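In: Any chance you could fold what I've pasted below:
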Amino acid sequence: MSIIILAIESSCDDTSAAVSKDAKILANVIAGQKVHELWGGVVPELASRAHQQNIVPVVDLAIQQAGISREEISAIAFTRGPGLIGSLLVGVSFAKAFALAKNLPLIEVNHMQAHILSHFIDSNPSFPFLCLTVSGGHTQIVLVKNFLEMEVVGETLDDAAGEAFDKSAKLLGLPYPGGPLIDKYSKQGDATKFLFPEPQIKDFDFSFSGVKTSILYFLQKETRKNPDFIKENLYDLCASIQKTIVDILLKKLEKAAKKMNIKEVALAGGVSANSELRTRFEELGKKNSWATYIPKFEYCTDNAAMIAIAAHYKFLNNEFSNQQAEPLARYHL
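Out: From the prediction side, this is the model:
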């Protein structure tokens, strides 16, 4: 008998629903929220309101695209955390209500675990492998022992890499979300034009707050001398900032892989859509004879397909939740 999962993802500002059948994705529908562009960042209250508007049509469309009936669904999966509490609440409440109405089991999923397991949608890394998980809210190096056993061996002590991209973009006067624009403009710039200090953090941990501060002070200093400095050097600034952040990420990843003698290495999370990071990650893999894995672009950013895949393996392991499950803004691996 087939395992058909209806999965819900609502951890931040994307409302997504997906359907999987025996770990194959049949549908993956995502509704974004442009309202946050007006404010230069995600506004939690506006995000949760938009989720309420989007969730029913998104789920309905996912079921239609999958070509299944509601009676065929084996279980309902949902993101329990980490994320914005108001956004999570919408997805969790919907999943619990749907499961209750249809008398179906519930499966809670850790959002970061799902990012890692998104690799199994289209590929098949061998265990154990290392995964560099980079998003707007998290930066981690995770030792993946099997589908459901993972150990965080390194993480950011302050800001995430995605936040460093977006806030640096804001300092440059770029609209939100600025990370993709830095990636775009970097292609026309000289990444060696401006040098920014890299934090010296022990072991495999990261820090990006100092990077942001150094960029801020540098821009303030230069614009006092030349008010048009950013405009005249935008492409080179974007390239230099991007190189700094990618350097920090990959140096730590390489250090961890060598220390643990691991040759299977993966990249995941929203920032894994960054073209510079993807290219240099693959180059680093060739240099070190790694087998490298990166999800397709549609599975890098927040999506319910990765929730469905994670839930499939939890289903096989009989790991079910219940109607008492509550969203968790902080939900550690």
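
In: could you pull out the strands for the chain?
Out: With DSSP state E as the criterion, the chain has strands at 4-9, 15-21, 24-31, 75-81, 106-110, 129-134, 139-146, 149-155, 264-268, 291-293.

In: what pairs with the second one, and is each one parallel or antiparallel?
Out: Strand pairing for strand 15-21, using DSSP bridges, gives strand 4-9 (antiparallel), strand 24-31 (antiparallel).

In: would you list every one of the helices in the stretch 151-300 of the chain?
Out: 161-171, 179-186, 209-225, 229-232, 234-260, 275-288 (DSSP state H, counting those that start in this stretch).

In: any idea which of the ones you listed is most buried?
Out: Each of the helices of the stretch 151-300 of the chain was assessed for mean neighbour count using mean count of other CB atoms under 10 Å. The highest is helix 161-171, with a mean of 23. Using the backbone N, CA and C atoms, a C-beta is placed for each residue, glycine as well.

In: which non-adjacent residue is nearest the residue nearest the centre of the chain?
Out: Centre of the chain computed as the mean C-alpha position; nearest residue by CA atoms, centre = their mean is G269, 2.8 Å away. Using CB to CB, 6 or more residues apart in numbering and skipping the chain neighbours, the partner closest in space to G269 is S135 (3.9 Å).

In: residues touching that neighbour, list them.
Out: If a contact means CB atoms under 8 Å, 6 or more residues apart in numbering, then S135 has H115, A160, A161, G162, G269, G270, V271 as its contacts.

In: nearest to V58, of the helices of the stretch 151-300 of the chain?
Out: Nearest to V58 among these is helix 179-186 (22.6 Å), distances taken as CB to CB.

In: what's the spacing between T79 and L26?
Out: 19 Å (CB to CB, to the nearest Å).

In: who has more neighbours, the two?
Out: T79 (31 against 19; other CB atoms under 10 Å).

In: how close does the more buried one sit to A325?
Out: 11 Å.

In: next one: F94
Out: 13 Å.

In: same question, V43
Out: Taking CB to CB, one finds V43 at 26 Å from A325.

In: How about residues contacting stretch 253-263?
Out: So stretch 253-263 is contacted by 128-130, 132, 141, 143, 153-154, 204, 265, 281, 284, 288-291 (CB under 8 Å, 6+ apart).

In: State the mean pLDDT of that stretch.
Out: Averaged across stretch 253-263, pLDDT comes to 97.

In: could I get that stretch in PDB with only the CA atoms?
Out: Output of stretch 253-263 as PDB, limited to C-alpha atoms (Å, rounded to 0.1, in the frame of the first residue of the first chain):
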ATOM      1  CA  LEU A 253      33.000  23.200   5.900                       C
ATOM      2  CA  GLU A 254      36.300  22.100   4.400                       C
ATOM      3  CA  LYS A 255      37.900  22.100   7.900                       C
ATOM      4  CA  ALA A 256      35.000  19.900   9.300                       C
ATOM      5  CA  ALA A 257      35.100  17.500   6.400                       C
ATOM      6  CA  LYS A 258      38.900  17.000   6.700                       C
ATOM      7  CA  LYS A 259      38.800  16.600  10.500                       C
ATOM      8  CA  MET A 260      36.000  14.000  10.200                       C
ATOM      9  CA  ASN A 261      37.400  12.400   7.100                       C
ATOM     10  CA  ILE A 262      34.100  12.600   5.300                       C
ATOM     11  CA  LYS A 263      33.900  12.500   1.500                       C
END
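
In: Number the residues from 533 up from this point.
Out: Sure, I'll start counting at 533 from here, so that last one is stretch 785-795.

In: still on that earlier bit, could the contacts of S667 be laid out in TSV, adding pLDDT?
Out: Shown next, in TSV, are these (pLDDT from 0 to 100):
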residue	pLDDT
H647	96
A692	90
A693	92
G694	89
G801	92
G802	86
V803	90
